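>>> what follows is a predicted structure for the sequence shown.
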Amino acid sequence: MADDTRQIKTPWQTRIGATGQVIRDDAEQLDQFIRVVIGTQLGSAPLQRDLGVDWLEVIDLPIDDALPVLIAGVAKAFRKWIEPRAKFVRVVPVRNVEKMTAQVYYYPAGSSSESSVRVSP
């Protein structure tokens, strides 16, 4: 039986939530990586307890109190897990009745144009 994995020439990763689909585009891979890191509840990843953001710390706070705590958590996660692939710019909370979400803005490495991704726990 032939080993088909030798025929894959470009890097790829599985698209989360889409069985059988892969991501080959670097920008999409970075967006997905940021969503995973920032959207993970701090302490919930086995063997990597320092991965993520402490969403539970801010979930019940008024938005004015939650924002500085959320920004600090996202900035810390960026420094630890995402840099040098991207540089953190800012977090904007998205007012949503069903769940807490945030728009995270960043500069991909080697790019002068800002990108963003919506993240939720």
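Arrived safely, thanks for sending.
>>> now the residue nearest to the spatial centre of the chain. Nearest residue, chain neighbours left out?
Geometric centre of the chain, nearest residue: Ile34, 2.0 Å, by Cα atoms, centre = their mean. What sits nearest to Ile34 in space, not counting adjacent residues and going by Cβ to Cβ, 6 or more residues apart in numbering, is Val117, at 5.2 Å. For every residue, glycine as well, the C-beta is placed using N, CA and C.
>>> so what strands line up beside the worst-scoring helix or strand of the chain on mean pLDDT?
Sorted by mean pLDDT, DSSP states H and E, the helices and strands of the chain end with strand 13-14, the least confident at a mean of 76. Strand pairing for strand 13-14, using DSSP bridges, gives strand 22-23 (antiparallel).
>>> and whichever helix or strand comes after the strand it pairs with, what's its mean pLDDT?
For strand 22-23, the following helix or strand on the C-terminal side (DSSP states H and E) is helix 26-39. Averaged across helix 26-39, the pLDDT comes to 90.
>>> CA atoms only: put helix 26-39 into PDB for me.
Output in PDB follows, covering the C-alpha atoms of helix 26-39 (Å, rounded to 0.1, in the frame of the first residue of the first chain):
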ATOM      1  CA  ASP A  26      -1.500  31.100   5.900                       C
ATOM      2  CA  ALA A  27      -3.900  33.900   6.800                       C
ATOM      3  CA  GLU A  28      -6.700  31.500   7.500                       C
ATOM      4  CA  GLN A  29      -4.400  29.200   9.600                       C
ATOM      5  CA  LEU A  30      -3.400  32.200  11.700                       C
ATOM      6  CA  ASP A  31      -7.000  33.300  12.200                       C
ATOM      7  CA  GLN A  32      -7.900  29.800  13.300                       C
ATOM      8  CA  PHE A  33      -4.900  29.600  15.600                       C
ATOM      9  CA  ILE A  34      -5.800  32.900  17.200                       C
ATOM     10  CA  ARG A  35      -9.500  31.800  17.700                       C
ATOM     11  CA  VAL A  36      -8.300  28.600  19.400                       C
ATOM     12  CA  VAL A  37      -5.700  30.300  21.700                       C
ATOM     13  CA  ILE A  38      -7.900  33.300  22.700                       C
ATOM     14  CA  GLY A  39     -11.200  31.300  22.800                       C
END
